[in-house]
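Peer 1: Need coordinates for the below:
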Amino acid sequence: KRERLPCRIKARITPDKPEQSRKRQTGRADERAEENDLMQSKRVKKLLYIGLDVHKDAIAVALAEPERNGEVRSYGTISNDLHVLERLLAKFKREGRELRVCYEAGPCGFGIARRLAQLRIECLVAAPSLLPKKSGDRIKNDKRDAIKLARLHRAGDLTAVHVPDATDEAVRDLCRARTD
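Peer 2: From the prediction side, this is the model:
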């Protein structure tokens with residue numbers, strides 16, 4: 001009778017040349033490195049630039065992809081309510097996006113910027129007088145302004161305004177009310 005070997009024992013094949021084993025080892029290391037790079041790229045959040053054209057009743061929203069030739073599109077209009085804006089931004093965050101938001105400084109104040117800072121979302125309040133303008137660009141509407149803000153924010157062409165504390169802003173409003 002023949003003896004049967006247990007299934008767990010496997011014969012090892014040693015390479016004839018030691019160079020072959022090094023090649024196999026480095027090949028495996030390269031594969032592991034590629035897998036690690038792939039895993040890290042999945043963890044890296046993709047940027048999304050958001051331009052907001054803020055008014056008393058509504059906010060026009062535009063989105064810009066981070067690539068140089070990335071798409072810039074209008075997302076739509078939402079009501080001027082912090083809860084609605086937070087839900088919209090939470091939706092984009094759930095998609096695994098890192099958000100960069102910007103809007104023009106104006107009469108609506110800095111409440112949005114302060115709230116986004118609390119939510120740890122980067123927000124830039126742009127100086128409206130320092131926005132780059134093309135000659136002959138006279139047609140203005142909310143959608144176009146939001147798209148323009150998103151595109152300029154992605155390009156880094158916006159000049160930021162200092163966002164005051166709520167108490168500082170209240171004192172400014174009081175001084176303005178007294179002079180009027």
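Peer 1: Go ahead and confirm residue 108 touches residue 53.
Peer 2: No: Residue 108 sits out of contact with residue 53 when judged by Cβ atoms under 8 Å, with a separation of 10.6 Å. No exception for glycine: its C-beta is placed from N, CA and C like everyone else's.
Peer 1: Please say which of these two ends up with more neighbours.
Peer 2: Neighbour count, other Cβ atoms under 10 Å: between residue 108 and residue 53, residue 53 has more, with 25 against 14.
Peer 1: Walk me through which strands whichever strand or helix holds the more buried one pairs with, and which way each runs.
Peer 2: Assessed by DSSP states H and E, residue 53 sits inside strand 46-54. Strand 46-54 pairs in its sheet with strand 58-64 (antiparallel), strand 97-104 (parallel), by DSSP bridges.
Peer 1: Tell me which of those strands sits nearest to residue 144.
Peer 2: strand 58-64 (8.9 Å; Cβ to Cβ).
Peer 1: Output that closest one as PDB, nothing but the C-alphas.
Peer 2: In PDB, the C-alpha atoms belonging to strand 58-64 read as follows (Å, rounded to 0.1, in the frame of the first residue of the first chain):
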ATOM      1  CA  ALA A  58     -33.400  83.100  -1.900                       C
ATOM      2  CA  ILE A  59     -29.900  81.800  -2.500                       C
ATOM      3  CA  ALA A  60     -28.700  80.700  -6.000                       C
ATOM      4  CA  VAL A  61     -26.300  77.800  -5.900                       C
ATOM      5  CA  ALA A  62     -23.600  76.900  -8.400                       C
ATOM      6  CA  LEU A  63     -21.100  74.000  -8.300                       C
ATOM      7  CA  ALA A  64     -17.600  73.800  -9.900                       C
END
